[in-house]
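Visitor: Have a look; sequence and predicted model below, questions after that.
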Amino acid sequence: MKISGKSVIPASEITPRALFEQRRHFMQLALGASAGLLAESVFAGEKLPATLSEAYGLTDKLTPLKDVTQYNNFYEFDTSKEGPAKLAGSLKTRPWTVSVEGEVRKPKQFDIDALLKLAPMQERIYRLRCVEAWSMVIPWLGYPLAELLKQVEPTSEARFVEFVSLADPEQMPGQRKPVLEWPYREGLRIDEAMHPLALLIFGLYGEMLPNQNGAPVRMVVPWKYGFKSAKSIVKIRLLKQPPVTSWMQAGPSEYGFYANVNPAVDHPRWSQAKERRLGDFLKRPTLPFNGYAEQVAGLYVGMDLTKNF
Amino acid sequence: MNLKSLDDKSLRRFKALAFLTALIPLALLLVAAWQDELGANPIEKITHETGYWTLTFLLLSLSLTPFRRLSGANWLLRFRRMLGLFAFFYACLHFTTYLVLDQFFDWPAIAKDIFKRPYITIGFTAFVLLMPLAVTSTNAMQRRLGGKHWKRLHRLSYLIAGAGVVHFIWLVKKDLTRPLLFAAVLALLLGIRVFYRLKARF
């Protein structure tokens, strides 16, 4: 866990050239993309100030905003990739509360606007690897989930964290179909949830989350397949026992509780050895833990990751 | 115009029209590629589109016999070869997309896919089975094989369509609406055949 020691570097420090160029690059991208999106009401568009967390910078080229916001797996709206961007306008993100409960000393309902101010907003550039063997690079805005969990003081019995997404077919038309068991539920082990890489996310590309990306608040767990990062969260429960997630119910042989990105363990129906970074022609090799092995491999020492997939 | 019979001139016109219509999906795909409108994952889009049209043409080619039975328009059968060959044409595009754009000739990965991934095993099998049907689609080959053998060989099309639908069902992660729609149409087309066969027997 090398990175956890580094804190946010003050803005006064010299920015590495690669990062500077990358930032300039994505400013250009963001300008171009937001101009193209102005006509669409689904895009929240509100600015969300944050400090770039340089310790989490990546030299990978950013995925254009247009692709990040128009190619989504969000079955609450639609099972196609283009569907969520078209249909997510019906999601109402205000008022919104997140209830944090279960094995905690101080259970609490957080208003979304209070959550936004709970900890300093950071910008972090993470890889996102989908279980379908494609990937993106996204500048997220948020802060570690640990900041929120500390507030409610988990008891010593809290071993797991369950995330529950909104269930409301009126707002989420995809829920009229029993594609998955609604509400969408995901889970982490407590040490995974407390890891500094695991973020509670409120925005991307300098702005509030567009609805189709999981507004108003979602998780981002970059070393796991994308489906582990629950969107539009309304409840976080701390538990003694591992929760059964929606995808585990849908296909226990295909989707495990851990779902760590692992090129050595294939999905039963496709290979995970390589991935296509959106925008690239050739596939690239997938990295263990999606390239975050140095920070997170320690969480799984002694575990057989082919069994605990 | 009498729908039950069609003179040669009209038939030729209809065939030309059908030929051009069958090229529209490809044209739309090319235009979308030209306009950069294939979305964030163009290779996936092309794979899905060519696969969709392969299945559609397979089912269309199997729909002519039932339609002829129901309508008495014998000329419908004159379109069967063209539709079958268009199914093969889109299947070739589908396979080429996989080979070149998706895998870029990564032979070990392709071999692994074909032997380990059931949906690719069955899809590839269907594609291979289409080849002898395309090769024997000419009048000369039909004569060489003789009607009986030729007919028996071309009954493979039922198996191929079934394999194509299963290929689609097995690859979908969740939400089987579209593949099951194809399955329902295929079941209907085969069901009508069974019905007429039983009716002829009793």
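Guide: Great, that's in hand. Every value quoted in this text rests on a predicted model; they were computed, and no experiment measured them.

Visitor: from here on, contacts and neighbour counts on C-alpha atoms
Guide: Will do.

Visitor: In the chain, what residue spans correspond to helices?
Guide: Just so you know, I chose chain A. Taking DSSP state H as the test, the helices found in chain A are A:17-37, A:65-70, A:83-87, A:112-116, A:145-152, A:190-193, A:246-250, A:293-296.

Visitor: let's do chain B instead
Guide: Using DSSP H, helices in chain B cover B:8-22, B:24-34, B:42-71, B:80-96, B:107-116, B:118-135, B:139-145, B:147-154, B:156-171, B:177-201.

Visitor: Sketch out the low-pLDDT regions of the chain for me.
Guide: Answering for chain A, as no chain was given. A:1-44 (pLDDT under 70).

Visitor: my bad, chain B
Guide: B:1-3.

Visitor: Pull up the residues of it that are close to chain A.
Guide: Within chain B, the residues that sit near chain A (C-alpha under 8 Å from any C-alpha of the partner chain) are B:39-41, B:101-104, B:113, B:117-119, B:171, B:174-175.

Visitor: Type out the ChimeraX command that picks the buried ones from those residues.
Guide: If you want just the buried ones from the residues of chain B next to chain A in ChimeraX, going by 16 or more other C-alpha atoms under 10 Å in any protein chain shown, the selection is:
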select /B:39,40,41,101,102,103,104,113,117,118,119,171,175
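
Visitor: JSON lines for the residues of chain B next to chain A, including distance to residue B:21?
Guide: Shown next, in JSON lines, are these (distance: C-alpha to C-alpha, whole Å):
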{"residue": "B:39", "distance to residue B:21": "25"}
{"residue": "B:40", "distance to residue B:21": "28"}
{"residue": "B:41", "distance to residue B:21": "27"}
{"residue": "B:101", "distance to residue B:21": "26"}
{"residue": "B:102", "distance to residue B:21": "28"}
{"residue": "B:103", "distance to residue B:21": "30"}
{"residue": "B:104", "distance to residue B:21": "31"}
{"residue": "B:113", "distance to residue B:21": "34"}
{"residue": "B:117", "distance to residue B:21": "34"}
{"residue": "B:118", "distance to residue B:21": "33"}
{"residue": "B:119", "distance to residue B:21": "30"}
{"residue": "B:171", "distance to residue B:21": "28"}
{"residue": "B:174", "distance to residue B:21": "32"}
{"residue": "B:175", "distance to residue B:21": "30"}
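
Visitor: Endpoint to endpoint, stretch A:153-166 covers what distance?
Guide: End-to-end distance for stretch A:153-166, by C-alpha to C-alpha, to the nearest Å: 24 Å.

Visitor: mind listing what's buried in it?
Guide: Result for stretch A:153-166 [16+ other C-alpha under 10 Å]: buried residues A:154, A:158-166.

Visitor: likewise stretch A:239-250?
Guide: Applying 16+ other C-alpha under 10 Å to stretch A:239-250 flags A:239-240, A:242-243, A:245-248 as buried.

Visitor: ok, those residues vs chain B, which is closest?
Guide: Chain B lies nearest to residue A:247 out of these, by C-alpha to the nearest C-alpha, at 10.1 Å.

Visitor: Run through the residues that contact that closest one.
Guide: Applying C-alpha atoms under 8 Å, 6 or more residues apart in numbering or on different chains, one finds that residue A:247 lies in contact with A:180, A:255.

Visitor: ok, it to residue B:169 distance?
Guide: 18 Å.

Visitor: ditto for residue A:83
Guide: Taking C-alpha to C-alpha, one finds residue A:83 at 20 Å from residue B:169.

Visitor: swap in residue B:43?
Guide: Note on residue B:43: its distance to residue B:169, by C-alpha to C-alpha, is 20 Å.

Visitor: try residue A:172
Guide: 25 Å.

Visitor: likewise residue B:92?
Guide: 20 Å.

Visitor: In this structure residue B:4 contacts residue B:71, no?
Guide: Yes: with contacts defined as C-alpha atoms under 8 Å, residue B:4 counts as touching residue B:71 at a distance of 7.4 Å.

Visitor: Pull up the pairing partners for the lengthiest strand in chain A, direction included.
Guide: Longest among the strand segments of chain A by residue count, using DSSP state E, is strand A:134-144. Counting by DSSP bridges, the strands paired with strand A:134-144 are strand A:122-129 (antiparallel), strand A:199-204 (antiparallel), strand A:274-277 (parallel).

Visitor: so the second one versus helix A:145-152, what angle?
Guide: Relative orientation of strand A:199-204 versus helix A:145-152 (axes from the mean of the first three to the mean of the last three C-alpha atoms, to 10 degrees): 120 degrees.

Visitor: Let me see the residues that make contact with strand A:199-204.
Guide: With C-alpha under 8 Å, 6+ apart, strand A:199-204 has contacts from A:48, A:116, A:138-145, A:208-210, A:215-221.

Visitor: how about 7 Å then?
Guide: A:48, A:139-145, A:208-209, A:215-221 (C-alpha atoms under 7 Å, 6 or more residues apart in numbering or on different chains).

Visitor: same deal with the longest one?
Guide: Residues outside strand A:122-129 that contact it (C-alpha under 7 Å, 6+ apart) are A:50-53, A:56-58, A:135-143, A:222, A:225-226, A:290.

Visitor: now do the last one
Guide: Where contact means C-alpha under 7 Å, 6+ apart, the residues beyond strand A:274-277 that reach it are A:133-136, A:263, A:282-286.

Visitor: Buried subset of the residues you listed as a PyMOL selection?
Guide: In PyMOL, a selection of the buried entries from those looks like this (16+ other C-alpha under 10 Å):
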select buried, chain A and resi 133+134+135+136+263+282+283+286
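
Visitor: Which one of the contacts of strand A:274-277 is nearest to residue A:181?
Guide: The closest of these to residue A:181 turns out to be residue A:133 (C-alpha to C-alpha; 23.7 Å).
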